[in-house]
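# Sharing a model prediction with you, sequence too.
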Amino acid sequence: MNPPTDAATAPTHLIVEADGGSRGNPGVAGYGALVRDPNSGELLAIDAAPLGIASNNVAEYSGLIAGLTMARDLNPNAMVRARLDSKLVVEQMTGRWKIKNADMKRLAMEAHAVLPAHQVSYDWIPREKNKDADLLSNEAMDAGAAGTAWVEADSALSVASSPNTPDTTASAPAAPPRRLGRLHHVEIWVPDLARARDTLGWLLTELGYEISGEWSEGTSYQGAGEYIVLEHGSDVTEVAHERRRPGMNHLAFYAGPREAVDALTEDAVQRGFTLMFPDRHPYAGGRRHYAAYLESPDGFEVELVAD
């Protein structure tokens, strides 16, 4: 791992790429991680280590923790984009999937503790776009299989220049980052709050949302960034919700792999939801779109999309 940089010259935005693997799952395991300058693509720090006998998921999380730690050492105030080819880790770290395994909960908490949540965002990338981190993790597994430590000087990857060495070459000022749309919250007015909590609220918690506020007229459910409110106040009219009227038609959520969509759909029907388009389920949205369309007892439509 490389030495920390001078905070005055450290990049304000950093890319972390991380990977981990296990030959046997569980088996000989190792992780690899790197930090990259998002503008130049330059490697600023690399790290890898064998983990003994461990699972693939433990190795993936270990790589993420190492990458975030390097980013923090480079600049504790930087905005960090973590890029991994593990859909599981990305979805769990963003809060979209629940974490049931005790070891993974511990590792996720450790990863969350490295940097404040508002400084870190997560992207899933295909394995072929994560080759450098994959190379490092395989070097770590090779070292573990040989009973040795991973040595940075022997790695096929190297940091081009020390992060402490200022870049004296002239360069054009970086363009300001493009502002991307980001949902803040959704507020849903419901005719019966208790029923909405038992149906829509239940579904949100199954999808990974957590109750972040509860009062006599409503409940808020916190997601990875956005939150959703179910509310029934004095201003709610007696007119029933009709999804086919102009306005928002439905909410759609990623719900995990196909098996997870199927299991959640079955549970939702038991809770009082109605499966829509049953004759075309689970391809009502098209032959390549595996999803369940559900209608709550109060007429709200929710789409559960398979990854």
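Thanks, I have the structure now.

# Stretch 115-126: end-to-end distance?
Length of stretch 115-126, first residue to last, C-alpha to C-alpha, to the nearest Å: 25 Å.

# And stretch 206-223, by the same measure?
Termini of stretch 206-223 sit 12 Å apart (C-alpha to C-alpha).

# ok, now stretch 278-297?
End-to-end for stretch 278-297, by C-alpha to C-alpha: 17 Å.

# list the buried ones in it?
For stretch 278-297, burial by neighbour count (16 or more other C-beta atoms under 10 Å) applies to 281-282, 284-285, 290-297. (Glycine included, C-beta is placed from N, CA and C.)

# pLDDT score assigned to residue 213?
On pLDDT, residue 213 comes in at 82.

# Out of the buried residues of stretch 278-297, which comes closest to residue 191?
Nearest to residue 191, judged by C-beta to C-beta, of those is residue 297 at 9.7 Å.

# Greatest separation within the buried residues of stretch 278-297: which pair is it?
Across the buried residues of stretch 278-297 (C-beta to C-beta), the longest gap, 24.9 Å, separates 290 and 297.

# quick one, helices of the stretch 51-200 of the chain?
56-74, 87-93, 102-114, 131-146, 193-196 (DSSP state H, counting those that start in this stretch).

# where are the low-confidence patches of the stretch 101-250 of the chain?
160-182 (pLDDT under 70).

# before we move on, back to that, would you reformat the helices of the stretch 51-200 of the chain as TSV and include distance to residue 277 and mean neighbour count?
What follows is the helices of the stretch 51-200 of the chain, written out as TSV (distance: least, C-beta to C-beta, whole Å; neighbours: other C-beta atoms under 10 Å):
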stretch	distance to residue 277	mean neighbour count
helix 56-74	35	25
helix 87-93	26	21
helix 102-114	35	15
helix 131-146	41	21
helix 193-196	23	17
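
# could I get those helices as CSV with distance to residue 229?
Shown next, in CSV, are those (distance: least, C-beta to C-beta, whole Å):
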stretch, distance to residue 229
helix 56-74, 31
helix 87-93, 23
helix 102-114, 24
helix 131-146, 38
helix 193-196, 11
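
# Alright, calling it a day.
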